[in-house]
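S.K.: Kindly return the folded structure for what I paste below:
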Amino acid sequence: MIASFEGRKRLGQVFTPDDVARALVQWVVRRKTDRLLDPSCGDGRFLAYHSPSTGIELDPRNAALAQERVPGASIYLAEFFRWASTATCRFEAAAGNPPFIRYQHFAGKTRHLALELAHKLGASISGLASSWAAFLVVTAGLLKPGGRMAFVVPAEIGHAPYASPVLGYLCSRFQQVRIIAIRRKLFANLSEDAWLLFADGLGSPTDVIELSLFDKFASFRWTEQPTRRVPVSSWRDAGCRLRRFLLAENALSTYQSNALKPGVSRLGEVASTSIGYVSGANGFFHLRPSEVKRYGIPGDFLRTTIRRSRQLPTECVDRQTVERWILQDEPVMLLDLTGVQELPSAVISYLNSERGREVRMGYKCRNRDPWYAIPDIRVPDAFLSYMSGRKPSFVRNEAECVCTNSVHAVVKKNGHSVHAIQRAWLHPLVDLSCELEGHPLGGGMLKMEPREASNVLLPIDNPEFAPSEMRTLKEATAEMRGWRNYA
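M.R.: The predicted structure follows:
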């Protein structure tokens, strides 16, 4: 019996297409006598292409399927990191598709052991890392000198901060490291994109990351020369973000030279960007105008708020925008009790309602004093969308609204006006910069963290751009949007 979808999701199990598994094993195995390791073998589809193999599997049903599929393999029903901590055998090759479990669920003793093993091997992986990162490092530690490995990895290896220690570790240990970036999805049912990682020659470092670009897996040929050879030093200079090297060299050169133009600044030089407040219970602290009326809550204790990016208009949140929300009875009234010494009876009654008694026991509320006082409520000069399709929206805040952490709060600085920033935001340089400084979220979406937004290039003082530069910027932006599958 195969585990349910929810069970597979919990374990980070995504079964690899057979043609992908076959290609990785065919590359990684050089001799019939090579011993192959799959640290998360699932139902054994990698091991099936090379019988002298060892597979580790946590799910007993999958372990049984793997043993049935590859009778000659050694299948261990175990948690990989616990197994690896006592393993004395070493392997010529490793291949697989390690589980992709985000840090929120990759927790407890398992995560502690995984990070400890990685640290002993020389890779300081963040506690915010997803599980695959530690799988790669610990697996590399089980190879013999000269060994090689080939893995399916999330495209996050090209941009996630927690991925940089992994890629850095591999470059310091392997003579050859190659990333295969594939534009079309390997896994049609997943929003995340997947790439391939090859590493060869354990025991000698490399100063170059090879990057091969393919439109789809069917066009992949390992024997072809890499599309780009990225010096490790250049990768580090780029903030350890390999994703920007998906661009052709002339496009990347145009982007980098424009960053040095007089009149071009980073957004962080003209404005500060931060997340909005965290209420701990949006459904309770955000009220509709009809609810405000029903409970009799005075207006002095309410603020109009932006709850999510889709609420934002195109250019400006003004009084007409707010009036429209109120007429539509939207839940945009934030109950703001920060610093209030005496609560009116209507507010006390609302806080002591059945829902209020439930909310105060939630994690955020029970860990603040008083539980109903939401910190970090501020009125920004503008809003920046957190997640977007085509491009993050930059919207003026003329109505003096506040915002949740689903929207970024922007406050101007160094004498620059919001109107000037907003005009510059329309430039093609900003479009490309958002693609390179932000990162794909999956499903074609672009995500922009505050630190990423601060790095966006902004032609704030109207520098001149040649027509050829403008054309290159627009073409490069379309290319990067294609890589995140934005239609």
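
S.K.: my guess is A114 contacts V138, does it?
M.R.: Yes - under the criterion of CB atoms under 8 Å, A114 makes contact with V138 at 6.8 Å. In short, each C-beta sits where N, CA and C put it, glycine included.

S.K.: what sits in contact with each of the two?
M.R.: Residues touching both A114 and V138 (CB atoms under 8 Å, 6 or more residues apart in numbering): F81.

S.K.: Show me what the lengthiest strand in the chain is packed against.
M.R.: Assignment by DSSP state E gives strand 143-154 as the longest strand of the chain. Judged by 3 or more CB pairs under 8 Å, 6 or more residues apart in numbering; DSSP states H and E, the packing partners of strand 143-154 are helix 18-28, strand 91-96, helix 131-140, strand 194-202.

S.K.: Let me see the mean pLDDT of the helix or strand following it.
M.R.: Later in the chain than strand 143-154, the nearest helix or strand by DSSP states H and E is helix 164-173. On average, the pLDDT along helix 164-173 is 96.

S.K.: Pull out the buried residues from helix 164-173.
M.R.: By neighbour count on 16 or more other CB atoms under 10 Å, the buried set for helix 164-173 is 164-171, 173.

S.K.: go on, stretch 79-94?
M.R.: Neighbour-count burial for stretch 79-94 flags 79-84, 87, 91-94 (criterion: 16+ other CB under 10 Å).

S.K.: What about the closest residue to Y49 other than its chain neighbours, how many residues nearby?
M.R.: What sits nearest to Y49 in space, not counting adjacent residues and going by CB to CB, 6 or more residues apart in numbering, is V25, at 4.1 Å. For V25, the count of nearby residues is 22 (other CB atoms under 10 Å).

S.K.: Does V25 touch L36 like I think?
M.R.: Yes - using CB under 8 Å, V25 is in contact with L36, at 6.9 Å.

S.K.: list residues touching both of those two?
M.R.: Both V25 and L36 are contacted by 46, 50, 95, under the criterion CB under 8 Å, 6+ apart.

S.K.: Would you confirm that the last one contacts D34?
M.R.: Spelled out, that is A95. No - under the criterion of CB under 8 Å, A95 makes no contact with D34, lying 10.8 Å away.

S.K.: per the record, what domains does the protein have?
M.R.: Per the record, the chain has its domains at 5-245, 270-483, by automatic domain parsing.

S.K.: With distance to G263 added, can I get these in a markdown table?
M.R.: Converted to a markdown table, those look like this (distance: least, CB to CB, whole Å):
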| stretch | distance to G263 |
| --- | --- |
| domain 5-245 | 22 |
| domain 270-483 | 3 |
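
S.K.: can you tell me which of the ones you listed the model trusts least?
M.R.: domain 5-245 (a mean of 89).

S.K.: my guess is F245 contacts L211, does it?
M.R.: Yes - contact status for F245 versus L211: in contact at 5.6 Å, counting by CB under 8 Å.
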